[in-house]
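>>> Sequence and predicted structure, then a few things I'm wondering about:
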Amino acid sequence: MPRIIDKIRAVQYERIAVSSQSSSSSSSATNTTSEDVLSDDVQPGWHYSFEFFPPKTEAGLDNLLTRIDRMSRRLNPLFVSITWGANGSTLSRTLAIASHAQRFACVDVLLHLSCTGLTREQIAQILNMAKSSGVRNILALRGDPPHPKRAWKEGDVSGGDCDRAIDLVKLIRKLHGDYFGIGVAGHPEGHSSSEKCDDGTTTSLEMQHLKDKLDAGADFVITQFFYDVDIFLEYVKRCRGIGIKCPIIPGIMPIQSYSSLLKMTSFCNISVPSSVLERLERVRLDDEAVKKIGCEIAAEMCRRILAETSSASSSAVDYIIGDDCSVHGFHFYTLNLERSTTRILASLGALDVDSPTSAGAAPQENDTDATIGSETKDQDQIVTRRERKESISEKARSTKRVLPWKPSTMDNRSKEDVRPINWSNRPKSYVMRTDDWDEFPNGRWGDSTSPAFGELSDLSHFYSFTLGCDDDRRAMLGHCPLNESDVYEVFARYVEGTVPHIPWCETPLQPESFLIQPQLAKLNRCGLLTVNSQPPVDGAPSNHPTFGWGGKGGRVYQRGYFECFVSPDKTNRLTSMVTKHPSMIMYAVNNAGQELRVGVEEGGVTALTWGVFPNREILQPTIFDPDAFLVWAEEAFSLWSTMWLSLYDFGSESYELIENMRDTYYLVAIIDNDYYTNDGFLLLDALLEVGGKCS
């Protein structure tokens, strides 16, 4: 898990490499335009990150964790930052969110830490807690003024053992050396408590304070939000002029409403160009129209910054050491909202939009942001089929995958390169089960019979938040299912995208499953209740838009796999199917622990996904382990009870329906070893034949 500054440098070097290749292949490549800059993907061209704050309620916290998971998966930010409440008032929630994002969302976290009112001992304890949570990046701040002060005055100190942010930077370096990457705040228009120059920009004294923080050990700067690009560009030039050579990341705050814009800019002493106000004034009473124009304004700001600072770069050496004025990253102050940031990134070309609908188009049904800091229901988590198909394509992201699953950002999992397939749709559960393992020897799959393989816990926080409260789950799973076909329909609608989650699948359908989406929906309506599947792949290029992973120049392979809940009668039909196909094997188990194996010879783990790459050993990142399957089955059957059965009154028809399915159905896993067939997905064809007999 690298520090943020190391990741930024890696992106910079990659950008230079790509730029050099382009220059050598085309003499016109030196004439970089705004369109050239924005036509590239996020990497290696530029990067972005998001800020979130701890909500005040449990419902808000649940919704925020879900949103961080979704935004990290769909938008792939370089990092996320978690804010710090006044005087440490949100300490426990801030650390809980940071730990969740780092461990389960697999995204690097920048933890805000302010020194207001804290002793050195308290700061040391917080840093140790952050370190134990896997966090390696700190945004060092003086913080909000201590109670009862309403605002800082020039020259004020924090009231703790560290007077200012520079003292916090020095303390972090003293206690932990270079372990933490450290960011500090910059203010293009000056801190709200400081005097400004006549032109409204930061004074020389404040600029020197910023340089002192960097000289003390800080690595990069994230700026206060702004709406006047000229002021920001001048700020960058002034920073470079006094010897500040580190990355400067502009803070971008999407405009959510006209009244909030006026309130926040007034409170923070931020100027708003008249051209911006004029565009918003006409629609100031229409919040949706304000959001749309606000997204356009933010995208225009980013586009101009990228174009003007990129063209100012003088050389690759200057770029790396910071002697030029280039800026290639943005930090979005999301206000815990998702849609505006997503629209802006789509407009900038950072995301692959599948439909001709522009990023700033009118919102679709259920495409509204809810305020996570309140009890308001998070409508944005109900993802419609239209959004799933038209918002963000998975194609660009899949070609950059290091592994078929998202690797952990935790240090103790740095060697992990193999996982069993069963938890592919419940990765947080798998991470929690194996979180206490000391290491992953040589990156190989460990012993599934080890006592370190964690036990189920109904008290684990993430087991409940993914599907929301009971009312949310009833809306997704059914208010009153009366027969098995009602349950079949829920599984089918998940495959089609009209149900965002089911208990066994906490993420949307994987990109490769879209290729067989109609067939999967048909199978589910026939009672083959899918919880996991993958089609066979025979030597696809490792940069394939759907199946690719592991980098360029390789070939990837995978066996066909299908995992589902089925009735005893259909289990018998699947047994007959597998018996007729020598290339297939089947494992099945019910809630009572009765096992059934068909076509299985003596043996152990089966590689389901593998890749061949230049100058590397063969990688086998996804496997099937019969012992791990039994452990997964225990969890899978328990979810019928904890996530579905519990929604209905004891003794009701719905209760008895779910209870009966839990106790009589089998969890079946089928592997087709014929991954090289030229006849398509043999396993899928055979399953459809079985399904046809069920209809």
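Ah, there it is.

>>> Skip the chain neighbours and tell me the closest residue to residue 261.
Beyond its immediate neighbours in the sequence, the residue positioned closest to residue 261 (C-beta to C-beta, 6 or more residues apart in numbering) is residue 255, lying 5.1 Å away. In short, each C-beta sits where N, CA and C put it, glycine included.

>>> Do I have it right that that neighbour meets residue 280?
Yes: the pair formed by residue 255 and residue 280 meets the contact definition of C-beta atoms under 8 Å, at 7.1 Å.

>>> Now for these two: what residues contact both?
Each of 261, 290, 293, 294 lies in contact with both residue 255 and residue 280 under the rule C-beta atoms under 8 Å, 6 or more residues apart in numbering.

>>> Let me have those in CSV, extended by neighbour count and secondary structure.
Output for the shared contacts of residue 255 and residue 280, formatted as CSV (neighbours: other C-beta atoms under 10 Å; DSSP: H, G, I helix; E, B strand; the rest coil):
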residue, neighbour count, secondary structure
261, 21, helix
290, 22, helix
293, 19, helix
294, 26, helix
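
>>> Just put those residues in TSV and tack on distance to residue 597.
As requested, the shared contacts of residue 255 and residue 280 are exported to TSV (distance: C-beta to C-beta, whole Å):
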residue	distance to residue 597
261	64
290	61
293	62
294	59
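
>>> from memory residue 416 sits against residue 407, does it?
Yes: in this structure, residue 416 is within contact of residue 407 by C-beta under 8 Å, at 6.9 Å.

>>> more crowded one of the two?
The neighbour count for residue 416 versus residue 407, taken as other C-beta atoms under 10 Å, is higher for residue 416 (22 against 16).

>>> Tell me how far the more buried one lies from residue 339.
34 Å (C-beta to C-beta, to the nearest Å).

>>> residues touching the closest residue to residue 257 other than its chain neighbours, list them.
In space, residue 257 comes closest to residue 287 once its chain neighbours are excluded; the distance is 4.9 Å by C-beta to C-beta, 6+ apart. The neighbours of residue 287, taking C-beta under 8 Å, 6+ apart as the test, are 256, 257, 258.

>>> let's go with 10 Å and repeat that
256, 257, 258, 259, 260, 294 (C-beta atoms under 10 Å, 6 or more residues apart in numbering).

>>> Out of those residues, give me the two with the largest separation.
Between all members of those, the longest pairwise span (C-beta to C-beta) is found for 259 and 294 and amounts to 12.6 Å.

>>> before we move on, the earlier item: which neighbours do residue 416 and residue 407 have in common?
In the contact map built from C-beta under 10 Å, 6+ apart, the residues linked to both residue 416 and residue 407 are residue 621.

>>> on contacts alone, who are the packing partners of the helix or strand containing residue 100?
According to DSSP states H and E, residue 100 maps onto helix 91-103. If contacts are counted by 3 or more C-beta pairs under 10 Å, 6 or more residues apart in numbering; DSSP states H and E, helix 91-103 sits against strand 47-52, helix 58-75, strand 79-82, strand 109-114, helix 120-132, helix 427-433, helix 461-465.

>>> at 7 Å instead, please
Counting contacts by 3 or more C-beta pairs under 7 Å, 6 or more residues apart in numbering; DSSP states H and E, helix 91-103 packs against helix 58-75, strand 79-82, strand 109-114, helix 120-132.

>>> Make sure I have this right: residue 507 is in a helix.
No: assessed by DSSP: H, G, I helix; E, B strand; the rest coil, residue 507 does not belong to a helix; its assignment is coil.
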